[in-house]
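>>> test case, fold it:
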Amino acid sequence: MTAPVLVFGWGNPSRGDDALGPLFVERVEALGLPGVECLTDFQLQVEHALDLHGRRLVLFVDASVDAAAPYEVSTVVPARDESFTSHAMSPRSVLQVYCDLEDEEPPPTWQLAIRGEAFELGDGLSPAAAEGLEAALAWFAGWIARGATEPVPG
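This next block holds a predicted model:
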């Protein structure tokens with residue numbers, strides 16, 4: 001049975017703050033929330049469109065050098081962008097593939113971008129990213145407690 005909520009984080013745990021997506025998912029998974037499925041990967045790919053099937057909503061989580069600290073939450077809508085035919089896709093492109101495959105709108109989808117600053121191979125999580133991770137987890141806990149409806153940025 002497919003869980004209604006999908007939390008999907010991506011990033012490379014060997015590259016410092018790029019681990020924020022997988023670390024977030026690891027922490028959410030440890031909560032054992034009913035109705036929430038957690039997935040991680042190094043990058044988004046076309047196959048991940050299949051993971052959206054049967055969901056009530058989706059939250060993509062990644063590290064970002066562009067997000068305001070500590071994190072930003074934004075709505076994701078389907079679109080073909082420059083990543084559409086690459087091996088590392090954007091959430092928008094994954095949603096577009098879902099639309100093309102299923103011939104229907106994807107579930108409501110948001111992206112949680114946690115601010116990162118250190119992405120070199122072998123780096124550990126930076127102190128600022130660790131604080132951002134904690135803030136993002138607190139936001140997520142409140143969002144889930146409110147029924148995981150339209151997110152209100154923290």
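
>>> could you say what helices and strands whatever helix or strand A141 lives in packs with?
Using DSSP states H and E, A141 sits in helix 127-145. Secondary-structure packing of helix 127-145 (3 or more C-beta pairs under 8 Å, 6 or more residues apart in numbering; DSSP states H and E): helix 20-30, strand 57-64, strand 71-75, strand 109-115. For glycine as for every other residue, the C-beta is placed from the backbone atoms N, C-alpha and C.

>>> quick one: closest of the ones you listed to R92.
With C-beta to C-beta, the closest approach to R92 among the helices and strands packed on helix 127-145 belongs to strand 109-115: 9.0 Å.

>>> how far away is A129 from F119?
As judged by C-beta to C-beta, to the nearest Å, A129 and F119 stand 10 Å apart.

>>> please enumerate the shared neighbours of those two.
Applying C-beta atoms under 8 Å, 6 or more residues apart in numbering, one finds that A129 and F119 are jointly contacted by G16, D17, A63.

>>> the second one: neighbour count?
Other residues within reach of D17, judged by other C-beta atoms under 10 Å, total 27.

>>> who has more neighbours out of A129 and F119?
In this comparison of A129 against F119, neighbours counted by other C-beta under 10 Å, the higher total goes to A129 at 26 against 17.
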